[in-house]
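[1] For reference, the sequence and a predicted model appear below.
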Amino acid sequence: MIIFGTDGWRGLLDSEINIASVEEVAQAFALYLKNKFAQKDKQSVAIGYDGRRCSPEFAAAFAEVLSGNNITVYLSDDIVPTPALSFYVKKHNLNAGVMITASHNPPVYNGIKFKADYGGPFLTEETLIVENNLYKQKPIKNASLVIKSDLMKDYIEQIESIIDFESISKAGLNILIDSMSGAGRLILEKLLTKHKCLSHTIFATADENFSGRLAEPIEANLQPLMDKLSTVGIYSLGVATDGDADRLGVILENGKWLSAQETILYLTDYIVNVKKFTGHVVKTSSVTDKMYKFQNDDRKILDVQVGFKYICEKMITENVAIGCEESGGYGYKIHIPERDGIFSALLLTEMLAKSGYKKLSGYVDAKRKEYGNIYYDRIDLKYHKENRTEILPAMFGNPPADIAGFKVENVTPYYSSRGIINGLKFFLQDKPRWLLIRASETEPMIRFYAEGHSDEEVQMILQAGVAFVS
């Protein structure tokens, strides 16, 4: 059984995702394209893949099915990051893109992401159409319209046209990069070296097992990067990209973790206050409400459902300067409506270079004095009772008056692709103070997120949230 998620499909290798199931998805995708773009004489798609086991084979199989359906396919000639695939689609005005990857998930998984012509993730309704096409027609295969292509060249040129490498070079910054044995490989180091900037990469070779780590750039997985930064002492900052290089993790030069919440706050500050980009700021509901400091008569802060496709939806329909999510995904108006860990790493480095600070910790200390500390945490609770998807709709109908002793001033519901409330955000007195509860539709999990005025307060709010479902 193939059930799609946010912008595609993820499954266990061999048992769920294999050549046969990839071909089924490819045929469903072909039917979608031929119907949506029926007015065009010929449809065109780019296909990229990461370094996971079977990714090149799955990409080739997908390409042959599209070709068999008379669709021109630009198949990557090498491993590529997801944002490079997305940019290629947008740059060349293709109808869609397909990325073979399971992103930051464990190596026992692989998957398929769908990208739209605007260079970002499919929206919910488009993904559902593809899903509804499954098993309608047996896969048709040939390779006559498959063209091996370099998907990286245009992406590199795009980055070079935006990032101020001269400032980075003049500042003398030295960047330690952890590609986490993913699709980022040596891309950042080669770009920086080309522009006379200092850098070094660890885990630069793509490996199907990610060299024994989970390729998600969060604190728990970045000990090698933290250790090297804290012991060598020559670097200005450390950056890490995930399995398909669309997410970013940041480490201070002293080996300490910089949370995604702080990274978001400082990148947004740089975008709107230094680079002076116009447009709204869109964030997922789990991102710090300190972001409302950037709201003014011309700029809204748009709070959306967790998932980058919801950010993308705002970015393609409104004037949005930056879109950001708590899991380390950031997109920009000047680039593509897509997560990009490589571009974000360079923009963050440019931010430090132009600040006058030589080390990221100095910059962060100054910003903490300006914006204050962020107190935030989350709990992922395993929940095996059958009423998991019923809890939040019932709570929205009868919300609590207070949580952990703090008055509930407003409640915002978030809806799943099937129209069910799967998220509730309780805004509490004295901002920023809130609780977000999300119930997974696909796994036995309820997630709790909270922000408050101290670490102790955050834990009180989280435990109050857990008590609602216990």
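    Thanks, I have the structure now. Residues are numbered from 1 along each chain as shown.
[2] From now on I want contacts and neighbour counts done on CA atoms only, so please keep to that.
    OK.
[3] My understanding was that G452 contacts L436; is that so?
    No - the pair G452 and L436 does not pass the contact test of CA atoms under 8 Å, sitting 12.0 Å apart.
[4] tell me which element the closest residue to F87 other than its chain neighbours falls in.
    In space, F87 comes closest to G119 once its chain neighbours are excluded; the distance is 5.5 Å by CA to CA, 6 or more residues apart in numbering. Assigned by DSSP states H and E, G119 belongs to neither a helix nor a strand.
[5] G119: what's it in contact with?
    Taking CA atoms under 8 Å, 6 or more residues apart in numbering as the definition of contact, the neighbours of G119 are 86-90, 336-338.
[6] Could you chop this protein up by domain?
    Per the record, the chain has its domains at 8-151, 172-257, 261-339, 375-469, by automatic domain parsing.
[7] Can you check the distance spanned by the first one, start to finish?
    Yep, that's domain 8-151 we're talking about. 21 Å (CA to CA, to the nearest Å).
[8] got it, and stretch 224-238?
    Distance between the boundary residues of stretch 224-238 (CA to CA) amounts to 11 Å.
[9] can you check stretch 400-409 too?
    One end of stretch 400-409 to the other measures 10 Å (CA to CA).
[10] what does it contact?
    Under CA under 8 Å, 6+ apart, the answer for stretch 400-409 is 426-429, 460-461, 464-465.
[11] Y332: which of those residues is nearest?
    F427 (27.3 Å; CA to CA).
[12] coming back round to it: sitting in helices, which of the contacts of G119 do you find?
    In this view, the contacts of G119 that belong to helices under DSSP state H are 86-90.
[13] Please convert the buried members of those into PyMOL selection syntax.
    PyMOL command restricting these to the buried ones, with burial defined by 16 or more other CA atoms under 10 Å:
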select buried, resi 86+87+88+89+90
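[14] As CSV, the ones in helices among the contacts of G119 with pLDDT would be great.
    Conversion of those to CSV gives the following (pLDDT from 0 to 100):
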residue, pLDDT
S86, 98
F87, 98
Y88, 98
V89, 98
K90, 98
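[15] Surely E208 touches G51?
    Yes - counting by CA under 8 Å, G51 is a contact partner of E208 at 5.6 Å.
[16] who has more neighbours, those two?
    The residue with the greater number of neighbours, taking E208 and G51 and applying other CA atoms under 10 Å, is G51; the counts read 27 against 19.
[17] what sits against that one?
    The neighbours of G51, taking CA under 8 Å, 6+ apart as the test, are 79, 182-183, 206-208, 243.
[18] tell me which of the residues you listed is nearest to A215?
    In terms of CA to CA, no member of these lies closer to A215 than G243, at 5.1 Å.
[19] What sits closest to the closest one if chain neighbours are left out?
    That would be G182: by CA to CA, 6+ apart, it lies 4.3 Å from G243.
[20] Could you report the neighbour count for the one you found?
    Other residues near G182 number 32, with proximity taken as other CA under 10 Å.
[21] go on, the one 4 residues further on?
    The tally of other residues near L186 (other CA under 10 Å) stands at 21.
[22] so how many other residues sit close to the closest residue to it other than its chain neighbours?
    Counting by CA to CA, 6+ apart, A204 is the residue found nearest to L186 once chain neighbours are left out, at 5.6 Å. The number of residues packed near A204 is 19, by other CA under 10 Å.
[23] The one 3 residues further on now?
    D207 is surrounded by 20 other residues when neighbours are defined as other CA under 10 Å.
[24] any idea how far it lies from E219?
    D207 sits 20 Å away from E219, taking CA to CA as the criterion.
[25] wouldn't V272 be in contact with T278 here?
    Yes - under the criterion of CA under 8 Å, V272 lies in contact with T278, with a separation of 7.0 Å.
[26] intersection of neighbour lists for these two?
    Any residue near both V272 and T278 by CA under 8 Å, 6+ apart counts here, and that gives A321.
[27] list the contacts for D227?
    When the contact criterion is CA under 8 Å, 6+ apart, the partners of D227 are G255.
[28] Ok, L302 next?
    Under the contact definition (CA under 8 Å, 6+ apart), the residues listed for L302 are 280-283.
[29] Go again with 6 Å.
    The contact partners of L302, by CA atoms under 6 Å, 6 or more residues apart in numbering, come to V282.
[30] How about it: which residues does it bridge to?
    V282 (DSSP bridges).
[31] Save the domains of the chain as a markdown table, and put in distance to I163 too.
    Compiled in a markdown table, the domains of the chain are given as follows (distance: least, CA to CA, whole Å):
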| stretch | distance to I163 |
| --- | --- |
| domain 8-151 | 16 |
| domain 172-257 | 11 |
| domain 261-339 | 11 |
| domain 375-469 | 31 |
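[32] mind checking which of these is nearest S161?
    Once the domains of the chain are compared by CA to CA, domain 261-339 is nearest, at 10.2 Å.
[33] how long is stretch 72-88 from one end to the other?
    The separation between the terminal residues of stretch 72-88, taken as CA to CA, is 14 Å.
[34] Same check on stretch 415-428?
    One end of stretch 415-428 sits 21 Å from the other (CA to CA).
[35] cool, and stretch 104-113?
    Criterion CA to CA; first-to-last residue distance in stretch 104-113 is 13 Å.
[36] For that stretch, buried residues please.
    By neighbour count, with 16+ other CA under 10 Å as the criterion, the buried positions of stretch 104-113 are 104-107, 109-113.
[37] How about stretch 15-22?
    Those buried within stretch 15-22 under the rule 16+ other CA under 10 Å are 16-19, 21-22.
[38] Excluding chain neighbours, what is closest to K425?
    L436 (4.2 Å).
[39] ok, that neighbour to A464 distance?
    For L436, the distance to A464 equals 11 Å [CA to CA].
[40] And those two? Which one has more around it.
    Shown here are L436 and A464; by other CA under 10 Å, L436 has more neighbours (23 against 17).
[41] The helix or strand hosting the more buried one pairs with which strands?
    With elements delineated by DSSP H and E, L436 resides in strand 434-439, which encompasses its position. When pairs are called by DSSP bridges, strand 434-439 turns out to pair with strand 421-428 (antiparallel), strand 445-452 (antiparallel).
[42] got those as JSON lines, with mean neighbour count, mean pLDDT and distance to G329 columns?
    JSON lines is the format used below for these (neighbours: other CA atoms under 10 Å; pLDDT from 0 to 100; distance: least, CA to CA, whole Å):
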{"stretch": "strand 421-428", "mean neighbour count": "23", "mean pLDDT": "96", "distance to G329": "20"}
{"stretch": "strand 445-452", "mean neighbour count": "24", "mean pLDDT": "96", "distance to G329": "17"}
